[in-house]
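Chemist: dropping the sequence and predicted coords here.
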Amino acid sequence: MILFRYILRTHIAPFLFGTSVIMALFLLQYIMRWVDQLSSKGLDVATISEFMILNLSWIVVLAIPIGVLFSTLMAFGAMSSAHEITVMKASGMGLFKMMIPVMIVGIMLWGFSFWYTDNVLPDTNLQLSGMMRDITRTKPTFAIESGQFTTNIDGFTILARNVDSTGLMTGVTIYDRSNNDRRTVVSADTGRMAFSPSLTRLIVHLFRGEIHQSTVNDPNEYRVIRFDRHQIAMQADRFFYEESDVSGSSRSDREMNIADMQVMVDRAQSEESKSAFEFDSVFSEHMAYLFTPSSVSTFVPTQREVLDRAAATVSGVRSTLEGQTYRRFSEHEVANKYLVEIYKKYAIPFACVIFVLVGCPLGVITKGGNFGISAMRSLGFYILYWVTLIGGEKLADRNILSPGIAMWSGNIIIGVVGIIVAFKVNYETTPLKGLLLWIRTRLQRQ
């Protein structure tokens, strides 16, 4: 038990460090794609923090398996380079026994990741998608700059020739295009603007100026109004971030748990079976009609009538069969789409166990106890795993591979590599050589 606690203790710091680094890199890469939206919309610190936390929700699911791989490479590599593995082997402890506490923790992380992926992640993904829509709809921060036209408000163009530090505008011209039947140009010596208490309207207070109005349909109708004080209210929705309620929103496949997606799969497979049955029924019915002798009739149709009737029958049957084929294919695609996400919820958390299986023996062989070597090997296995995951998803969507095989292919490939390497380290021979040696020993005994 003392050795088990020691082995686990060597994993804690590398796991926390590796997981944190991966999460930071993922988050940084994602934030870089949204930096323009976040910086130009005038969002407060709380909103930006919520956006980052919601993104961390899906990142943590991917970061935990990589953290497991990094920690096993670091810990077992460090113990191997310090000859601690050799000492443990000399005392009768093989690699498989050394892996027991790490494997138990890996299984616990698998259970936690699966629970989190199925129960927490769908809701956070729904909130994140709603927040992304709200941020996208929010207009850029409104500001008037000296000598520049401002067109952020629909139907209005504002020009202030000078704006001082207090917000006082001088030489103001406003072009009003909000009314399609009338054109209005307002000019004023000075002016100030402020949002209404509800933040839905922009109120512009103008002093000493003129209003020039003309009618689109009657160019001869033109009037000028002079004023000492004038006020214009402009519709200014979405200049401030407003969080919408997503509780009643429809969910996509990544915003549903396994039970909800299984309902969609069952419905799609049921519709697929119905369409296949209807296809077979229509086909069988008309094949029977073709090969069943017709009853004797006193009415003898002309050759033209026979051809027209046959053409109409063939056209109707073809249309029905094509419709059922399209329906069947469409429902099969829907079922595959949700099955891919279901298997993904199982496969990605299980990588915690697979990476323990491959990381421990690989760390012993390479003695990679330093950060750089372990990071490079972790990155290599991560790329391999991610390529198989993405590639499998694409193949499943195209009906080339079944969703189960497609989503589990990465775990299978890396798991086989891990078993071979672990067998080699534990028994100091390859599985093939060990099998041949066992067979030769059995034959010699006989």
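Modeler: Here it is on my side, so go on.
Chemist: going forward, measure contacts between C-alpha atoms and count neighbours the same way
Modeler: Will do.
Chemist: what's across from Glu210 in the sheet?
Modeler: Beta bridges link Glu210 to Ser187, Arg226 when assigned by DSSP bridges.
Chemist: what about it, how many residues close to it?
Modeler: 20 (other Cα atoms under 10 Å).
Chemist: list the contacts for it?
Modeler: Val186, Ser187, Ala188, Val224, Ile225, Arg226, Phe227 (Cα atoms under 8 Å, 6 or more residues apart in numbering).
Chemist: can you lay out those as a markdown table showing neighbour count, distance to Leu126 and pLDDT?
Modeler: Compiled in a markdown table, those are given as follows (neighbours: other Cα atoms under 10 Å; distance: Cα to Cα, whole Å; pLDDT from 0 to 100):
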| residue | neighbour count | distance to Leu126 | pLDDT |
| --- | --- | --- | --- |
| Val186 | 21 | 46 | 91 |
| Ser187 | 23 | 48 | 92 |
| Ala188 | 24 | 48 | 91 |
| Val224 | 12 | 54 | 87 |
| Ile225 | 10 | 53 | 88 |
| Arg226 | 14 | 54 | 90 |
| Phe227 | 12 | 52 | 89 |
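Chemist: farthest-apart pair in the residues you listed, please.
Modeler: Maximum pairwise distance among the contacts of Glu210 (Cα to Cα): 13.1 Å, between Ala188 and Val224.
Chemist: in stretch 395-413, what's buried?
Modeler: Of all the residues in stretch 395-413, those buried under the rule 16 or more other Cα atoms under 10 Å are 395-397, 401-411.
Chemist: not counting sequence-adjacent ones, nearest residue to the most centrally placed residue in the chain?
Modeler: Nearest to the mean C-alpha position of the chain, by Cα atoms, centre = their mean, lies Arg254 at 6.9 Å. Sequence neighbours aside, Pro122 is the residue nearest to Arg254 in space, at 6.2 Å (criterion: Cα to Cα, 6 or more residues apart in numbering).
Chemist: ok, that neighbour to Pro361 distance?
Modeler: 35 Å (Cα to Cα, to the nearest Å).
Chemist: what of Phe227?
Modeler: 86 Å.
Chemist: and if you look at Thr325?
Modeler: In terms of Cα to Cα, Thr325 sits 51 Å off from Pro361.
Chemist: quick one, which of these two is more surrounded?
Modeler: Pro361 (28 against 16).
Chemist: got the buried residues for the helix or strand Thr19 falls within?
Modeler: Using DSSP states H and E, the element containing Thr19 is helix 2-40. Of the residues in helix 2-40, 7-8, 10-11, 14-15, 18-20, 22-23, 26-27, 31, 37-38 count as buried by neighbour count, 16+ other Cα under 10 Å.
Chemist: tell me how far that helix lies from the chain's centre.
Modeler: Remark: helix 2-40 is offset 19 Å from the chain centroid, using Cα atoms, centre = their mean, to the nearest Å.
Chemist: can you list the domains in this protein?
Modeler: 2-136+342-445, 149-235, 255-291+305-340 (automatic domain parsing).
Chemist: let me know which of those is tucked in deepest.
Modeler: domain 2-136+342-445 (a mean of 18; mean count of other Cα atoms under 10 Å).
Chemist: the helices in the chain, which residues?
Modeler: With DSSP state H applied, the chain shows helices at 2-40, 45-81, 84-90, 95-119, 121-137, 258-291, 303-366, 371-397, 403-427, 431-445, listed in chain order.
Chemist: closest one to Gly209 among those?
Modeler: Closest to Gly209 of the helices of the chain is helix 2-40 (Cα to Cα; 32.9 Å).
Chemist: what is the closest one packed up against?
Modeler: Packed against helix 2-40, as judged by 3 or more Cα pairs under 8 Å, 6 or more residues apart in numbering; DSSP states H and E, are the following elements: helix 45-81, helix 95-119, helix 121-137.
Chemist: switch the cut-off to 10 Å
Modeler: helix 45-81, helix 95-119, helix 121-137, helix 371-397 (3 or more Cα pairs under 10 Å, 6 or more residues apart in numbering; DSSP states H and E).
Chemist: possible to save those as a markdown table with distance to Met193 and mean pLDDT?
Modeler: Below are the helices and strands packed on helix 2-40 laid out as a markdown table (distance: least, Cα to Cα, whole Å; pLDDT from 0 to 100):
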| stretch | distance to Met193 | mean pLDDT |
| --- | --- | --- |
| helix 45-81 | 25 | 86 |
| helix 95-119 | 48 | 90 |
| helix 121-137 | 23 | 81 |
| helix 371-397 | 52 | 79 |
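Chemist: identify the residues contacting Val17.
Modeler: One thing to correct before we go on: residue 17 is Phe, not Val. Met23, Gly67, Phe70, Ser71 (Cα atoms under 10 Å, 6 or more residues apart in numbering).
Chemist: if we go to 8 Å?
Modeler: Phe17 touches Gly67, counting by Cα under 8 Å, 6+ apart.
Chemist: take the helices and strands packed on helix 2-40 and lay them out in CSV including distance to Asn426.
Modeler: Formatted as CSV, the helices and strands packed on helix 2-40 follow (distance: least, Cα to Cα, whole Å):
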stretch, distance to Asn426
helix 45-81, 13
helix 95-119, 5
helix 121-137, 38
helix 371-397, 21
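Chemist: out of the ones you listed, which is closest to Asp218?
Modeler: Nearest to Asp218, of those and by Cα to Cα, is helix 121-137 at 37.5 Å.
Chemist: can I get the CA coordinates of the closest one in PDB?
Modeler: Output of helix 121-137 as PDB, limited to C-alpha atoms (Å, rounded to 0.1, in the frame of the first residue of the first chain):
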ATOM      1  CA  LEU A 121     -22.400  19.000 -20.600                       C
ATOM      2  CA  PRO A 122     -25.700  19.000 -22.600                       C
ATOM      3  CA  ASP A 123     -27.100  21.800 -20.500                       C
ATOM      4  CA  THR A 124     -23.900  23.900 -20.600                       C
ATOM      5  CA  ASN A 125     -23.700  23.400 -24.400                       C
ATOM      6  CA  LEU A 126     -27.300  24.600 -24.700                       C
ATOM      7  CA  GLN A 127     -26.500  27.700 -22.600                       C
ATOM      8  CA  LEU A 128     -23.300  28.300 -24.600                       C
ATOM      9  CA  SER A 129     -25.100  28.100 -28.000                       C
ATOM     10  CA  GLY A 130     -27.700  30.600 -26.700                       C
ATOM     11  CA  MET A 131     -25.100  32.900 -25.400                       C
ATOM     12  CA  MET A 132     -23.200  32.800 -28.700                       C
ATOM     13  CA  ARG A 133     -26.400  33.800 -30.600                       C
ATOM     14  CA  ASP A 134     -27.000  36.600 -28.200                       C
ATOM     15  CA  ILE A 135     -23.400  37.900 -28.600                       C
ATOM     16  CA  THR A 136     -23.600  37.700 -32.400                       C
ATOM     17  CA  ARG A 137     -26.900  39.700 -32.400                       C
END
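Chemist: nice, that's everything, thank you.
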